[in-house]
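A.B. asks: give me a 3D structure for the following:
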Amino acid sequence: MNTPTDLKYAASHEWLSPDGTVGISDFAQDQLGDVVYVELPEVGREVKAGETIAVVESVKTASDIYAPASGTITAVNDALGNAPELVNSGPYEDGWLFKLDVTEEGGELMDAAAYEAANN
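C.D. replies: I've put the predicted structure just below:
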């Protein structure tokens with residue numbers, strides 16, 4: 001499992017970078033299987049930590065994506081519209097989902113070591 005140490009992780013498998021970028025973990029994309037569609041939030045939407053904000057659909061299932069922090073959506077990864085498989089091939093690079101202007105982090109975020117321990 002690839003778990004970058006500079007990110008924070010939610011128990012629901014979202015990651016949050018210091019600059020507010022959000023995606024799903026390598027563990028999550030592996031569990032989902034081949035991603036075939038991603039429903040992203042609207043830019044400008046204000047969200048609260050823990051709120052359902054997006055959906056990732058795979059050949060196996062659909063999975064809700066929760067905001068790991070409160071804030072305002074400042075960008076979405078439009079490339080996922082034509083290439084949702086980027087979530088599988090690069091969950092921490094080209095497969096990011098959206099960016100937040102974070103006003104408050106969710107209280108349950110874990111560092112990489114705690115996230116890995118929780119998922120082994």
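A.B. asks: from residue 11, how far out is the residue minimising distance to the centre of the chain?
C.D. replies: Among the residues of the chain, the one closest to the centroid is residue 23, at 2.4 Å (CA atoms, centre = their mean). Residue 23 sits 15 Å away from residue 11, going by CB to CB, to the nearest Å. The C-beta positions use only the backbone N, C-alpha and C, and glycine is treated the same way.
A.B. asks: how about residue 110?
C.D. replies: To residue 11, residue 110 is 7 Å away according to CB to CB.
A.B. asks: the more surrounded of those two?
C.D. replies: It is residue 110, of residue 110 and residue 11, that has more neighbours when counted by other CB atoms under 10 Å, with 18 against 15.
A.B. asks: the nearest residue to the more buried one once chain neighbours are set aside bridge partners, please.
C.D. replies: Among residues not flanking residue 110 along the chain, residue 9 sits closest, at 4.9 Å (CB to CB, 6 or more residues apart in numbering). Using DSSP bridges, the bridge partners assigned to residue 9 are residue 15, residue 110.
A.B. asks: what about the helices in the chain?
C.D. replies: Counting by DSSP state H, the chain has these helices, from start to end: 26-32, 86-89, 112-118.
A.B. asks: list the buried residues of the first one.
C.D. replies: It stands for helix 26-32. Along helix 26-32, these residues count as buried under the neighbour rule (16 or more other CB atoms under 10 Å): 26, 27, 28, 29, 32.
A.B. asks: does the last one touch residue 55 like I think?
C.D. replies: No: the criterion here is CB atoms under 8 Å, and residue 32 misses it with residue 55 at 11.3 Å.
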